[in-house]
Structure formats: structure tokens, C-alpha cells
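> any chance you can model this:
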Amino acid sequence: MFEGMNRSDWLSLSLTVTVAALMMFVVPRFAEPLPLCEHEDGSGQSTCMWDATRQGNGRGLSYIIRDGRVVEYL
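Next up is the predicted model:
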């Protein structure tokens with residue numbers, strides 16, 4: 001099955017397998033929508049998203065909070 005594959009073919013196959021593995025483990029983690037934070041600091045929630053365009057005064061930065069810390073700005 002793999003006979004006659006050159007270096008370029010192996011690299012292409014390796015990249016395809018790597019991307020497929022990442023898709024299986026990374027994408028499902030964020031597939032479900034995050035609940036909106038009830039408070040700007042995320043207090044009382046372990047994981048939530050602050051959507052600055054729809055919450056507070058409608059200005060500022062949006063971000064994701066996990067375990068009381070901002071882990072990603074959107």
C-alpha cells in the first residue's frame with residue numbers, strides 16, 4: 001500500500017493524519033456554545049464568555065473565562 005511513496009507523499013500523508021488527529025481532540029472541546037457570563041468578572045461560573053458587544057455598556061473586549069481567569073480574548 002505504501003510502496004512507491006516518495007518523501008513528498010509521506011509528508012503529505014503525515015500532515016493529513018496530524019490535522020485529522022487535532023480535529024478529533026481540539027474541535028469538539030469548543031463545539032458547544034459557551035454560556036454568557038452573568039458578571040463581567042465571571043464570578044460564580046467556572047467557564048463563560050463575556051460578549052462586550054451585547055453585555056455591559058456594549059463596548060470593550062470580549063473574552064472567555066475559565067476557572068476565574070481570562071484565557072482568550074476574542
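
> which helix or strand contains S8?
In the assignment (DSSP states H and E), S8 maps to helix 7-25.

> what's the answer for V71, then?
strand 69-73.

> adjacent strands (with direction) for that strand?
When sheet partners are counted by DSSP bridges, strand 69-73 sits next to strand 63-66 (antiparallel).

> average pLDDT for the strand holding V71?
Strand 69-73 shows an average pLDDT of 90 in the prediction.

> identify the residues contacting that strand?
61-65 (C-beta atoms under 8 Å, 6 or more residues apart in numbering). Backbone N, C-alpha and C define where each C-beta goes, glycine included.

> got the buried residues for it?
By neighbour count with 16 or more other C-beta atoms under 10 Å, strand 69-73 contains no buried residues.

> how distant is that strand from the center of its chain?
11 Å (C-alpha atoms, centre = their mean, to the nearest Å).

> how about stretch 64-73?
12 Å.

> first-to-last residue distance for that stretch?
6 Å (C-alpha to C-alpha, to the nearest Å).

> also stretch 57-70?
19 Å.

> what's the answer for stretch 63-73, then?
OK, stretch 63-73 end separation, C-alpha to C-alpha: 4 Å.

> kindly report the same for stretch 35-55.
End to end - C-alpha to C-alpha - stretch 35-55 spans 13 Å.

> list of residues touching it?
34, 56, 58-68, 74.

> on that earlier part again, pLDDT and neighbour count added to the contacts of strand 69-73, as CSV?
Formatted as CSV, the contacts of strand 69-73 follow (pLDDT from 0 to 100; neighbours: other C-beta atoms under 10 Å):
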residue, pLDDT, neighbour count
L61, 92, 9
S62, 93, 14
Y63, 94, 19
I64, 93, 18
I65, 93, 22
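
> hang on, M49 is in a strand, isn't it?
Yes: applying DSSP: H, G, I helix; E, B strand; the rest coil, one finds M49 inside a strand.

> how about it: what's its closest non-neighbour residue?
L34 (4.2 Å; C-beta to C-beta, 6 or more residues apart in numbering).
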